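[1] Prediction below, plus the sequence it came from.
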Amino acid sequence: MVTAPRDPFDRRVTVRDVAAHAGVSQATVSQVLNSSRPVSEATRARVTASIEELGFRPNHLARALRQQKSHTVAIVVPNITHVTYPMVARGAGEILGPLGYQVALYDTNGLRATEKQIVRTLTDRMVDGAIVFGYPLAPGDARALQESGVAIVNGNPGTEALLRWDTVEVDEMSAMRDLTRTVTARYAGQIAYIGGPVDHNTAPRREAGFRAGMQDLGRACDAGLMASAPYTWAGGRNALAAILENGMRPRLVVCANDMIAIGAMAAAREHGLDVPGDVAVTGYDNIDAAEMAVPPLTTIEPFPFEQGRAAARLLLERMTDSYAGTARHLTLAAEPVDRASA
């Protein structure tokens with residue numbers, strides 16, 4: 001006769017109950033739950049069946065208190081709505097999830113007060129590790145995290161973190177340099193650049209790549225064709241509109257991200273220009289909208305999923321004490337994606 005699953009609101013099922021039901025010792029049940037020692041497949045199957053039939057749920061809080069581990073990893077990002085950061089979290093989760101870690105995603109929304117609050121949360125709660133991705137840590141935050149003993153991997157860091165923790169970043173400058181050099185060689189006219197906001201840590205690296213690519217071809221950067229904008233559709237639209245309304249007619253517009261580029265394409269059409277017939281446009285990030293743009297956008301793929309996986313591997317080694325050496329700094333390559341906009 002099949003026994004009905006136990007009502008989870010009845011008395012809490014214990015390891016002892018599972019052991020008695022499966023006909024094994026409590027130590028064997030613990031070994032199955034924690035994967036602490038090898039258990040035969042037949043025994044594992046019997047214990048797992050008893051767990052499901054009885055409705056047993058491990059007490060994660062009690063286990064965390066015993067082990068002084070939370071099995072929780074925080075991923076802190078500046079803008080959860082940007083497609084890059086959920087992909088980073090998904091990549092990290094693919095490494096950490098099967099090992100029993102919960103991944104919690106925190107969004108600072110670019111606000112200093114929120115950054116400080118999240119740091120307090122990480123240091124006050126039992127978080128085993130954190131991946132801080134997409135913005136540089138303030139010195140006070142870095143100090144608080146270092147003193148707390150929380151394992152950290154910093155993604156896209158500023159110089160404040162380079163000597164403290166393992167880092168994972170993409171070689172944005174080289175990627176933008178290669179794209180600029182390749183695409184600019186196709187056009188004889190003026191070349192414009194719309195960079196990111198001056199206070200964003202990615203903006204100077206991408207602009208430096210653009211300038212280096214222009215220099216490689218012996219092309220000058222005209223100040224009247226250089227602009228900064230928020231990393232948004234409206235930012236790109238307004239920036240290119242201002243350039244065009246000042247009487248400039250760039251043949252190519254290199255943009256610091258895809259949303260700026262898609263906004264710039266809208267501005268070009270509003271001014272009666274064909275893309276790419278009159279003005280070509282490139283971006284950076286290879287978001288889903290880049291492929292769906294009209295025409296599809298030439299851009300740079302930074303592989304955020306792989307960034308998340310790489311950061312998780314480094315963090316895991318720190319959390320499990322399998323690596324306790326000096327800080328490691330991993331730089332990943334990005335690749336151009338050639339489409340019809342340029």
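    Done, it's in.
[2] make it CA atoms for all contacts and neighbour counts henceforth
    Noted.
[3] unless I'm mixing things up, R44 is touching Q31, no?
    No: in this structure, R44 is not within contact of Q31 by CA atoms under 8 Å, at 9.2 Å.
[4] between the two, who's got more neighbours?
    Neighbour count, other CA atoms under 10 Å: between R44 and Q31, R44 has more, with 18 against 15.
[5] burial measure for the nearest residue to the more buried one once chain neighbours are set aside, as a count.
    Ranked by CA to CA, 6 or more residues apart in numbering and with sequence neighbours excluded, the top spatial neighbour of R44 is V32, at 6.3 Å. Using other CA under 10 Å, V32 has 19 neighbouring residues.
[6] Equivalent analysis for V253, please.
    So V253, with other CA under 10 Å, has 26 neighbours.
[7] tell me the contacts of the one residue sitting closest to the centre of the chain?
    By CA atoms, centre = their mean, the chain has its centre lying nearest to V88, at 3.1 Å. By CA atoms under 8 Å, 6 or more residues apart in numbering, the contact set of V88 is 304-309.
[8] buried sites along the helix or strand hosting it?
    Using DSSP states H and E, V88 falls within helix 84-96. Neighbour counts over helix 84-96 (16 or more other CA atoms under 10 Å) mark 84-93, 95-96 as buried.
[9] In three-state terms, how would A74 be classified?
    Under DSSP: H, G, I helix; E, B strand; the rest coil, A74 falls in the strand class.
[10] Look up how far D141 lies from it.
    For A74, the distance to D141 equals 15 Å [CA to CA, to the nearest Å].
[11] Look at the two and report which has more neighbours.
    Higher neighbour count among A74 and D141: A74, with 21 against 17, using other CA under 10 Å.
[12] Okay, and the beta partners of that one?
    When assigned by DSSP bridges, A74 has beta-bridge partners A104, A130.
[13] burial count for the residue lying closest to V103 once chain neighbours are set aside?
    Among residues not flanking V103 along the chain, V73 sits closest, at 5.0 Å (CA to CA, 6+ apart). Residues near V73, counting by other CA under 10 Å, number 29.
[14] and if you look at M319?
    As a burial measure, M319 scores 19 neighbours (other CA under 10 Å).
[15] Which residues are in contact with it?
    Here M319 is in contact with 128-129, 151 (CA under 8 Å, 6+ apart).
[16] Ok, L145 next?
    Per CA under 8 Å, 6+ apart, neighbours of L145: 119, 122-123, 152.
[17] Among these, which lie within strands?
    Taking DSSP state E as the definition of strands, the contacts of L145 contribute I152.
[18] Compare the contacts of L145 and tell me which has the most neighbours.
    Neighbour-wise, these (other CA under 10 Å) top out at I152, 29 neighbours.
[19] tell me which residues in the one helix or strand R143 maps to are buried?
    Element membership for R143, per DSSP H and E: helix 139-148. Going by neighbour count (16+ other CA under 10 Å), the buried part of helix 139-148 is 141-142, 144-145.
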